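S.K.: Let's see this in three dimensions:
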Amino acid sequence: MIRYDIVASGSKGNATLLSSGTTLIQIDMGVSLARLEKSLANLHSSLFQIQALLITHEHSDHIKGLSLRTYQKAKIPLYCTAGTVDHPDHLIVPDEGFFIGDFSIFPFSVSHDATNPVGFVFQQGKEKLVYLTDSGIVPETALPYLSDADYYIVESNHDVDRLLKSSRPLLLKERIRSSRGHLSNDQSAEAFVNLVGPHTKSITLAHLSEECNTPELAITTWETIFQEHGKNVKQYHLRCASQHHDLEGGDL
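M.R.: All right, here's what the predicted structure looks like:
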């Protein structure tokens, strides 16, 4: 059984909680303590019950909460790749799986302008969850591990037209569109239309740009691309995570 609570997802802060009922894991800590504790209450848990913190990469919207004194007092074991933060408790090596409680975790490299960024495949019992954000591409080497998951939390950052018409500097637009930037709605949908399978229960679109995207636009793009491939994305309970409020999912 996998249950998750996406605390926040976007350029202002990111954090997600995963629970099996007996094991509680956090992905990233880019939010306030009050925000995190509110989400923990949704899972009937507390800060001191988190058994591991996994960091995807070192950008501030993923790690800025690490310095909070109360959070540090909880002494949550920190897992990350080499060069992500100083003195982690456990070093993550891409493509080398490990266990935390009753979760089996497979980290895979993603393509982003960070030191050694990763996504994760979580397995617990018969269920699988794929977590992939902050990447300019969906890595081909990871494709065999991403197929037919029960739950997907995947990046659908921007609409290309909105990005190009935005007031953002040209260099920033080029960085976002690059292979080390962020997946657009079209890129994400084109990749995952071939990865969903008979076990897939839900897809959550994450890290949406507040300036260059909308939930309605992201969902419409996914619906269109799935239709072009002869699939109906609505059967997969497609939703969008938010920067401002929780989104719960999994085996509730």
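
S.K.: helix or strand for residue 205, which one?
M.R.: Following DSSP states H and E, one finds residue 205 within strand 202-206.

S.K.: how many neighbours does the closest residue to residue 156 other than its chain neighbours have?
M.R.: Of all residues not flanking residue 156 in the chain, residue 205 sits nearest, at 3.9 Å (Cβ to Cβ, 6 or more residues apart in numbering). All C-beta atoms are positioned from the backbone trio N, CA, C, and that covers glycine. When neighbours are counted by other Cβ atoms under 10 Å, residue 205 registers 28.

S.K.: Could you do residue 224 as well?
M.R.: Residues near residue 224, counting by other Cβ under 10 Å: 13.

S.K.: Just confirm it is within a helix.
M.R.: Yes. Judged by DSSP: H, G, I helix; E, B strand; the rest coil, residue 224 forms part of a helix.

S.K.: Identify the residue spatially nearest to it, adjacent ones excluded.
M.R.: Nearest residue to residue 224 in three dimensions, chain neighbours excluded: residue 189, at 8.0 Å (Cβ to Cβ, 6+ apart).

S.K.: Show me the helices in this protein, by range?
M.R.: 33-42, 60-63, 69-73, 143-146, 160-165, 170-177, 185-192, 215-228 (DSSP state H).

S.K.: can you list these in TSV and add mean pLDDT?
M.R.: Shown next, in TSV, are those (pLDDT from 0 to 100):
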stretch	mean pLDDT
helix 33-42	95
helix 60-63	98
helix 69-73	94
helix 143-146	96
helix 160-165	97
helix 170-177	96
helix 185-192	98
helix 215-228	98
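
S.K.: In the chain, where is pLDDT below threshold?
M.R.: Applying pLDDT under 70 to the chain flags the ranges 252.

S.K.: Please enumerate the strands of it.
M.R.: 3-8, 15-19, 24-27, 52-54, 78-81, 90-92, 98-100, 103-109, 118-124, 127-132, 151-155, 202-206, 238-240, 247-250 (DSSP state E).

S.K.: Mind putting these into CSV with distance to residue 221?
M.R.: Below are these laid out as CSV (distance: least, Cβ to Cβ, whole Å):
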stretch, distance to residue 221
strand 3-8, 20
strand 15-19, 23
strand 24-27, 25
strand 52-54, 29
strand 78-81, 31
strand 90-92, 32
strand 98-100, 35
strand 103-109, 25
strand 118-124, 21
strand 127-132, 17
strand 151-155, 13
strand 202-206, 10
strand 238-240, 11
strand 247-250, 19
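
S.K.: Of all those strands, which one comes closest to residue 224?
M.R.: strand 238-240 (12.1 Å; Cβ to Cβ).
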